[in-house]
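>>> Sequence first, then the predicted structure, then my questions.
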Amino acid sequence: LAKTTQPISMDSYEGQEVNITCSHNNIATNDYITWYQQFPSQGPRFIIQGYKTKVTNEVASLFIPADRKSSTLSLPRVSLSDTAVYYCLVGDGYSGAGSYQLTFGKGTKLSVIP
Amino acid sequence: KAGVTQTPRYLIKTRGQQVTLSCSPISGHRSVSWYQQTPGQGLQFLFEYFSETQRNKGNFPGRFSGRQFSNSRSEMNVSTLELGDSALYLCASSAGVIVNEKLFFGSGTQLSVL
């Protein structure tokens, strides 16, 4: 089963770019990498998803190297409202029992400082 | 378009009891997945239903079960509650075309087992 590893916490000042890296050494060949943001007392919210190279949307960029064993979420010019927990999600492929596993990382708690 | 709705929002039970949680997905979504979130273990995948069939399953004991109705609404049941079952239970819906596609989460049900 794939395991994901992320830094437990990060601090950043407002206006800076933040990069959060997730390691996923055993990602399935055909699986996507997805990042979510979670505020207290709320469910996670989709940020971005990618398979390889680079993906960019209106809120973030996702960098995935050729070996796909890691990915980096980049948040440009963070603000106080970006203070949240960020999770990366990958699939583990099919287990022996035929079930497809989904593994969330432990999450990275980002604190944005004024 | 209404989001994912989970009821109840809060629940208090005692050990040995059973509990049923409900999830109404976004209209048109056929996949509903369930997750357990605790401070120690983070977000863990329970199971996923698609068109009334359990399609994927995580590593939880048989006390945790679920079902999905023809209108895609889903229920999760936990029998013989243990103190360690205290957690935030989240459900997410998606179109269900691929397993790891964009998930839309509800706000969760906070279960406390006394």
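Structure's in. What do you need? These figures come from a predicted structure and were not determined experimentally. Numbers count the residues shown, from 1 in each chain, chains lettered A, B, ... in the order given.
>>> how far out from the middle of the chain is the helix or strand where residue B:43 lies?
Using DSSP states H and E, residue B:43 sits in strand B:42-50. Distance of strand B:42-50 from the chain centroid (C-alpha atoms, centre = their mean, to the nearest Å) equals 7 Å.
>>> Any part of that strand near chain A?
Yes. Using C-beta under 8 Å from any C-beta of the partner chain, strand B:42-50 reaches chain A at B:42-45, B:48. Just so you know, the C-beta spots here come from the backbone N, C-alpha and C atoms, and that holds for glycine as well.
>>> which among those gets closest to residue A:102?
residue B:45 (4.4 Å; C-beta to C-beta).
>>> That closest one contacts residue B:33, correct?
Yes. Counting by C-beta atoms under 8 Å, residue B:33 is a contact partner of residue B:45 at 6.9 Å.
>>> Could I get the average pLDDT for the strand holding residue B:43?
Mean pLDDT, strand B:42-50: 90.
>>> Can you point out the buried residues in the helix or strand following it?
Sequence-wise, the next helix or strand downstream of strand B:42-50 (DSSP H and E) is strand B:53-57. For strand B:53-57, the neighbour count (16 or more other C-beta atoms under 10 Å in any protein chain shown) marks B:55-57 as buried.
>>> Find the residue at the geometric middle of chain A.
residue A:88 (3.0 Å; C-alpha atoms, centre = their mean).
>>> tell me the contacts of that residue?
By C-beta atoms under 8 Å, 6 or more residues apart in numbering or on different chains, the contact set of residue A:88 is A:4, A:6, A:22, A:24, A:33-36, A:71, A:73, A:104-105.
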